[in-house]
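J.: predicted model and sequence follow; I will ask about them next.
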Amino acid sequence: MSLPPLVEPASELTVDEVRRYSRHLIIPDVGMDGQKRLKNAKVLCVGAGGLGSPALMYLAAAGVGTLGIVEFDEVDESNLQRQIIHSQADIGRPKAESARDSVLGINPYVNVVLHEGRLEADNVMEIFSQYDLIVDGTDNFATRYLVNDACVLLNKPYVWGSIYRFDGQASVFWSEHGPCYRCLYPEPPPPGMVPSCAEGGVLGVLCASIGSIQVTEAIKVLTGTGDPLVGRLMIYDALEMTYRQVKVRKDPDCAVCGPNPTVTELIDYEAFCGVVSEEAQEAAAGSTITPKQLKEWMDDGENIDVIDVREPNEYEIVSIPGARLIPKNDFLMGGALQDLPQDKKIVLHCKTGVRSAEVLAVLKSAGFSDAVHVGGGVIGWVNQIEPDKPVY
């Protein structure tokens with residue numbers, strides 16, 4: 001459905017701006033009026049990572065007058081495969097500052113506002129209230145639900161995107177005109193059920209595909225052009241090179257945007273999404289060792305069986321010496337339990353400690369009461385024991 005323009009047009013474009021945006025101005029559906037609306041628009045990008053990189057760059061190039069950036073992280077070398085707003089020279093810099101410099105290099109007429117810190121329930125309302133539209137480039141469920149609920153409570157539209165390996169999704173959520181994110185996903189998946197990009201990987205160029213769709217939708221909403229993805233979910237399969245759409249209807253029982261909402265204020269989203277399940281937390285309590293402890297056990301010849309619960313392709317990148325690979329899913333399906341030794345202490349590890357904690361819960365319930373896992377996983381091992389090894 002077509003919607004009215006979100007923002008009023010600016011009073012004028014300068015001569016330099018007319019030259020810069022001339023290819024927009026000659027499009028009848030954009031024209032001078034649409035470009036003035038872009039100039040007057042205030043858009044916030046949540047994250048300057050995989051999706052935030054192309055989104056910020058194209059929003060800047062399009063002439064959005066004010067761009068806000070919420071980002072707390074620093075540029076890491078592993079980011080450069082997909083986060084194209086950053087360069088080799090930016091490694092170690094705050095992502096927000098690196099992104100700002102790139103944006104201003106693309107378009108010096110953009111006003112860039114930095115919000116350097118983690119987006120949380122105690123600052124989101126104040127930050128979001130300064131902007132017309134939000135572009136969500138986050139990669140975790142807790143922040144996604146936080147963004148959604150804040151936008152519903154403030155009656156702000158936001159453009160959502162998600163990426164994983166070769167698959168991407170995008171939609172526009174605006175509770176005044178259609179469904180919200182909770183209408184599509186009322187509850188988060190169980191902890192550990194859906195791997196993050198850090199665990200499962202992502203094709204770098206997929207970020208550009210979905211990020212550019214997000215910017216296209218943002219421009220349409222801001223200028224009142226075309227038919228935005230309100231009430232529709234766009235699904236992209238890069239391997240098959242297919243796009244398909246699914247209708248998303250407003251849920252009359254939605255906890256936040258329904259007629260009788262049960263969520264009327266922001267909640268504890270980490271607890272709601274359960275970053276680590278209660279079972280895993282209970283299992284890890286008192287059964288977590290450090291990489292240094294594991295190294296001491298190895299050096300002392302302790303009777304242990306070190307098991308890596310990551311995926312084979314992760315194991316090929318870097319591994320702890322002597323660890324054998326049994327992927328997490330083999331434990332969840334029960335097949336791996338029968339092959340575990342009864343006369344050795346089981347030591348589990350993954351990349352950072354989340355998956356191994358979930359597997360530890362399975363082992364504890366199966367009777368392996370003395371099993372432990374390595375807090376920090378193989379990343380902690382590399383940082384503390386073998387710093388010359390690669391990390392990912």
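T.: Arrived safely, thanks for sending.
J.: C-alpha from now on. contacts and neighbour counts both.
T.: Will do.
J.: the residue positioned nearest the centre of the chain: what's it in contact with?
T.: The centroid of the chain falls nearest to D139 when counting by C-alpha atoms, centre = their mean (1.0 Å). Going by C-alpha atoms under 8 Å, 6 or more residues apart in numbering, D139 touches S162, S196, C197.
J.: doesn't Y236 fall inside a strand?
T.: Yes. Assessed by DSSP: H, G, I helix; E, B strand; the rest coil, Y236 belongs to a strand.
J.: what's the neighbour count on it?
T.: 21 (other C-alpha atoms under 10 Å).
J.: equivalent analysis for A366, please.
T.: So A366, with other C-alpha under 10 Å, has 11 neighbours.
J.: likewise T216?
T.: 17.
J.: tell me the SS of it?
T.: Look at T216: counting by three-state DSSP, its state is helix.
J.: and it, what pLDDT?
T.: Here the pLDDT value assigned to T216 is 98.
J.: neighbours of T66, how many?
T.: For T66, using other C-alpha under 10 Å, the count is 21.
J.: you'd agree it is up against N111?
T.: Yes. Counting by C-alpha atoms under 8 Å, T66 does reach N111; the two are 4.6 Å apart.
J.: quick one: the helices in the stretch 201-350 of the chain?
T.: For the stretch 201-350 of the chain, applying DSSP state H, counting those that start in this stretch gives helices covering 204-223, 269-273, 278-284, 291-299, 312-317, 328-332.
J.: ok, back up a step: for the contacts of D139, which single residue is the most surrounded?
T.: Result: S162 is most packed of the contacts of D139 (other C-alpha under 10 Å), 22 neighbours.
J.: ok, that residue - contacts?
T.: Per C-alpha under 8 Å, 6+ apart, neighbours of S162: G137, T138, D139, G168, Q169, A170, I210.
J.: in the helix or strand harbouring it, what counts as buried?
T.: If you go by DSSP states H and E, S162 is part of strand 158-164. Residues of strand 158-164 classed as buried: Y158, V159, W160, G161, S162, I163, Y164 (neighbour count, 16 or more other C-alpha atoms under 10 Å).
J.: in its sheet, what does that strand sit against?
T.: Each strand paired with strand 158-164, and its direction, by DSSP bridges: strand 133-136 (parallel), strand 167-173 (antiparallel).
J.: I would like the residues contacting the helix or strand just after the first one, please.
T.: Think strand 133-136. Counting by DSSP H and E, the element after strand 133-136 in chain order, helix or strand, is helix 141-154. Contact with helix 141-154 is made by 119-121, 124-125, 128-129, 136, 138, 157-158, 174-175, 180-182, 188, 256-257, 264-266, 269-270, 272-273, as judged by C-alpha under 8 Å, 6+ apart.
J.: of those residues, just the buried ones, ChimeraX syntax please.
T.: For the buried members of the contacts of helix 141-154, the matching ChimeraX selection, counting by 16+ other C-alpha under 10 Å, is:
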select :119,121,124,125,128,136,138,157,158,174,175,180,181,182,188,256,257,266,269,273
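J.: any idea how far I134 is from C180?
T.: The spacing between C180 and I134, counted by C-alpha to C-alpha, to the nearest Å, is 13 Å.
J.: and if you look at R324?
T.: Distance from R324 to I134, by C-alpha to C-alpha: 45 Å.
J.: which one of those two has more residues nearby?
T.: Using other C-alpha under 10 Å, the more surrounded residue of R324 and I134 is I134, with 24 against 15.
J.: sorry, back to before: wait, which of the buried residues of strand 158-164 is closest to G52?
T.: Set against G52, the nearest of the buried residues of strand 158-164 by C-alpha to C-alpha is G161 (9.8 Å).
J.: quick one: contacts for the closest one?
T.: L51, D136, G137, G168, Q169, A170, S171, I210, G211, Q214 are the contacts of G161 under C-alpha under 8 Å, 6+ apart.
J.: check A323 too.
T.: D305, V306, I307, D308.
J.: name the helices or strands packed onto the worst-scoring helix or strand of the chain on mean pLDDT?
T.: Least confident element among the helices and strands of the chain, by mean pLDDT, DSSP states H and E: helix 197-200 (a mean of 73). If contacts are counted by 3 or more C-alpha pairs under 8 Å, 6 or more residues apart in numbering; DSSP states H and E, helix 197-200 sits against strand 158-164.
J.: how much space separates the residue nearest to K95 when sequence neighbours are not counted from G117?
T.: Leaving aside its sequence neighbours, K95 sits nearest to E74 (C-alpha to C-alpha, 6 or more residues apart in numbering; 5.0 Å). For E74, the distance to G117 equals 11 Å [C-alpha to C-alpha].
J.: the more surrounded of these two?
T.: Set E74 next to G117 and count neighbours by other C-alpha under 10 Å: E74 wins out with 17 against 13.
J.: this completes my enquiry, with thanks.
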